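Visitor: how would this look folded up:
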Amino acid sequence: MATLRSASLPGRTTPHASGRPAASPERPRRDPWLDNAKMTLVTLVVVGHAWTLLPHSTGTDWAYDFLYAWHIPAFVLITGYLSRGFTWTGPRLLALVRTVAVPYVLFETALAVFRYQVGGVRLHDLFLDPHWPMWYLAALFFWRLLTPVFTALPRGTALGLAVLVSLVAGLRAGDTFDMARILGLLPFFVLGLHLRTPDWDRLRPARTAWFGLLGLATVAVVTRFTDDWIATEWYYYRSRYDALEPDDLHAMAIRLVLLGIGLLGAVSFLALVPRVRGWFTALGAATLVVYLFHGFVVLSAQYAGYPGWTAAHPVPAFVLTTVAAVAVALVLAAPPVAHRLNVVVDPLGRWHRWHQPADRAPRSD
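Guide: Next up is the predicted model:
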């Protein structure tokens, strides 16, 4: 959702006073590893939401718990890394409003209207209580505002404080702006803020793939028995402890274990992400488009009665739903589609580009 500053590509040239062309500021090259990771993760978001249309079964519930144990923590970690340059300056704050707050208002409204007009569902506490996938934009807004606070602290202090906030948040945090989830997942965001290139380089050698496989296998074994020790609701980080576990200390211990499982799964996944640039890599620039639009597709299937068919055909439904979810993500991220949909996602950005002087090169944020 943000652009990584890395190695640069050759830029366009402009006339120089001496008669020789002078290079203009070079545009930053996107990191293919991060784009591959972002696109894979947003595809898994679509898959996870599509799986809610399936009937409960041992296999489906296991796959769902396995996915939710780590894919959102991984997404938050990447988001933190790409947010580390945020500061409380006018241009950055305006960009935050334009790219996060405005889409939040637009799509929270659009989803509410769609669910009421098509599904007959009336939503309450619009905007104050983010509905379904919109929680992530609300979280991103507040996480970005907190960024200068946590980047000013040493890594150990920042992570310790974030973990403490996460543990305590389960006691009091409520549904307003999904604050319980914002604070519950905060450690992953703060970790991302404090990661640097040498830290990521430890995951890049091919030999770390074995660690990735072993780590995800461990998460798979643990989540196989989720229903024996906790409810799936714990993986959402959105409920207060008293709704899940009467003993607060026990609840904090569960939250701490889940943070560890999420970290293990996230790091293991990142160790398996391909480092090469390919057709899939280019789709990583459209993750926000995929995230904001896929909900309409999933809800359409729900309102069309698709869950009834899946209940009668559970095994083929799992395969079909998974393949269809991946296809939806790929289609939405395809450049011709994403380019057109991005007008809705960032309408102010399009207006700004239209009114930008022709002799002024656009900034890359």
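
Visitor: any idea which element the most centrally placed residue in the chain lies in?
Guide: By Cα atoms, centre = their mean, the chain has its centre lying nearest to Phe75, at 4.1 Å. Using DSSP states H and E, Phe75 sits within helix 58-82.

Visitor: Just the buried residues of that helix, please?
Guide: 60-82 (16 or more other Cβ atoms under 10 Å). Yep, even glycine has a C-beta here, placed from its N, CA and C like the rest.

Visitor: which is the next helix or strand following that helix?
Guide: Toward the C-terminal end, the helix or strand that comes next after helix 58-82 (DSSP H and E) is helix 90-96.

Visitor: Would you mark the buried spots in that following helix?
Guide: Buried residues in helix 90-96 (16+ other Cβ under 10 Å): Arg92, Ala95, Leu96.

Visitor: Which of the helices or strands spans Pro187?
Guide: Counting by DSSP H and E, Pro187 is part of helix 186-194.

Visitor: and the angle for that helix with helix 58-82?
Guide: Comparing the axes of helix 186-194 and helix 58-82 via axes from the mean of the first three to the mean of the last three Cα atoms, to 10 degrees yields an angle of 40 degrees.

Visitor: Does anything pack onto helix 186-194? Which helices or strands?
Guide: helix 58-82, helix 135-151, helix 155-172, helix 248-272 (3 or more Cβ pairs under 8 Å, 6 or more residues apart in numbering; DSSP states H and E).

Visitor: Name the helix or strand of this structure that has the lowest mean pLDDT.
Guide: Lowest mean confidence among the helices and strands of the chain (mean pLDDT, DSSP states H and E): strand 13-15, at a mean of 37.

Visitor: Of the helices and strands packed on helix 186-194, which is nearest Tyr116?
Guide: helix 135-151 (19.3 Å; Cβ to Cβ).

Visitor: tell me what that closest one is packed against?
Guide: Secondary elements touching helix 135-151 (3+ Cβ pairs under 8 Å, 6+ apart): helix 58-82, helix 90-96, helix 102-117, helix 155-172, helix 179-184, helix 186-194.

Visitor: Convert the C-alpha atoms of the second one to PDB, please.
Guide: Read that as helix 90-96. As requested, the backbone C-alpha atoms of helix 90-96 are provided in PDB (Å, rounded to 0.1, in the frame of the first residue of the first chain):
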ATOM      1  CA  GLY A  90       1.600  18.600   6.800                       C
ATOM      2  CA  PRO A  91       2.200  16.700   3.600                       C
ATOM      3  CA  ARG A  92       2.300  13.300   5.400                       C
ATOM      4  CA  LEU A  93      -0.800  14.100   7.300                       C
ATOM      5  CA  LEU A  94      -2.600  15.200   4.200                       C
ATOM      6  CA  ALA A  95      -1.500  12.100   2.400                       C
ATOM      7  CA  LEU A  96      -2.800  10.000   5.300                       C
END
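
Visitor: Return the distance of Leu54 relative to Leu167.
Guide: Noted for Leu54: a distance of 33 Å to Leu167, by Cβ to Cβ, to the nearest Å.

Visitor: mind checking the SS state of Leu213?
Guide: Here Leu213 is helix, with the state taken from DSSP: H, G, I helix; E, B strand; the rest coil.

Visitor: what's the closest non-adjacent residue to it?
Guide: Leu272 (7.1 Å; Cβ to Cβ, 6 or more residues apart in numbering).
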